[in-house]
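> Next input, structure requested:
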Amino acid sequence: MKENQKIINHPSRNIQTETYIEGDTFVTKHFYDGKDAYVKEFIYLTDGIKKIKYFNINGVQTKLDHFVEDKRQGEEIKYFVSKAGAMKSSKIYDNGKLHGANITYNEAGQIIKHEVFAGGKCVLKYFRKDDETNDISNVVILDKANVENLPKDEYEKLQTLMANNPESFVE
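Numbering: from 1, shown residues only. All right, here's what the predicted structure looks like:
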């Protein structure tokens, strides 16, 4: 048994919870065993940041979340179950609100949706030329009032695009 390990069984729902300390990290594992599902949830708490990894019945990671004070913070990644390690989507949160790039991929790794948020509001939408490349063909600014509230890297990317490809902006 690991240091300070505690196992709790929940008789009404076939759930087992295991908690222990691993080095400087507090780890909690929830094992859900339903009729056709067995999910593992690993919770790591380090320096006030809670990192949660979700796995499916075959042990393939399906999602990664980060929380600070029970609010989403940082990157949330979802993975394709059929293709281990292949990213399905990536979202950036700040203080519980979408704040940054929100990108969805197909199983071939090509971007199929790319939006940028500021404080929970969708500000930009990027469109691609075709499925073969991830080159941006058009940009739609949905919320001009919030452009300056974009994360610094996204704002700089937008300014570069506006300077180098002004024809790609659509009203």
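
> Let me see the contact set for the most centrally placed residue in the chain.
Central residue of the chain (CA atoms, centre = their mean): E76, 1.6 Å from the mean position. By CB atoms under 8 Å, 6 or more residues apart in numbering, the residues touching E76 are 63-66, 90-93. Heads up, the C-betas are built off the backbone N, CA and C, glycines and all.

> Looks like I52 contacts K40 (just checking).
No. Contact criterion CB atoms under 8 Å: I52 and K40 do not qualify, at 10.7 Å.

> strands paired with the helix or strand hosting V116, and their directions?
Assigning secondary structure by DSSP states H and E places V116 in strand 111-118. Paired neighbours of strand 111-118 in the sheet (DSSP bridges): strand 97-105 (antiparallel), strand 121-128 (antiparallel).

> comparing those strands, which gets the lowest mean pLDDT score?
Per-stretch mean pLDDT for those is lowest at strand 121-128 (a mean of 92).

> Would you map the strands across the chain?
Ranges of strands within the chain are 6-10, 15-22, 25-33, 38-46, 49-55, 61-68, 71-72, 74-79, 87-94, 97-105, 111-118, 121-128, 136-141, 169-170, based on DSSP state E.

> Backbone torsions only: list them for G59.
Dihedral pair for G59: phi 80, psi 10, per degrees, to the nearest 10.

> That should have said K83, apologies.
With angles defined as degrees, to the nearest 10, K83 sits at phi -140, psi 90.

> any idea how far it lies from I111?
Distance of K83 to I111, given as CB to CB, to the nearest Å: 16 Å.

> So between these two, which is more surrounded?
I111 (17 against 13; other CB atoms under 10 Å).

> Domain boundaries for the chain, per the record?
What automatic domain parsing lists as the domains of the chain is 1-59, 80-171.

> now these in a markdown table, with distance to K71?
What follows is those, written out as a markdown table (distance: least, CB to CB, whole Å):
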| stretch | distance to K71 |
| --- | --- |
| domain 1-59 | 10 |
| domain 80-171 | 4 |
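
> for these, which one sits closest to R72?
Proximity to R72, assessed across the domains of the chain by CB to CB, is greatest for domain 80-171 (3.8 Å).

> how many neighbours does G85 have?
Neighbours of G85 using other CB under 10 Å come to 8.

> Please apply the same query to the one 10 residues further on.
Neighbour count for N95, taken as other CB under 10 Å: 12.

> For it, give me its contacts.
Taking CB under 8 Å, 6+ apart, one finds 71, 73 in contact with N95.

> Please repeat the previous calculation with a cut-off of 10 Å.
With contact taken as CB atoms under 10 Å, 6 or more residues apart in numbering, N95 is in contact with 68-69, 71-73, 119-120.
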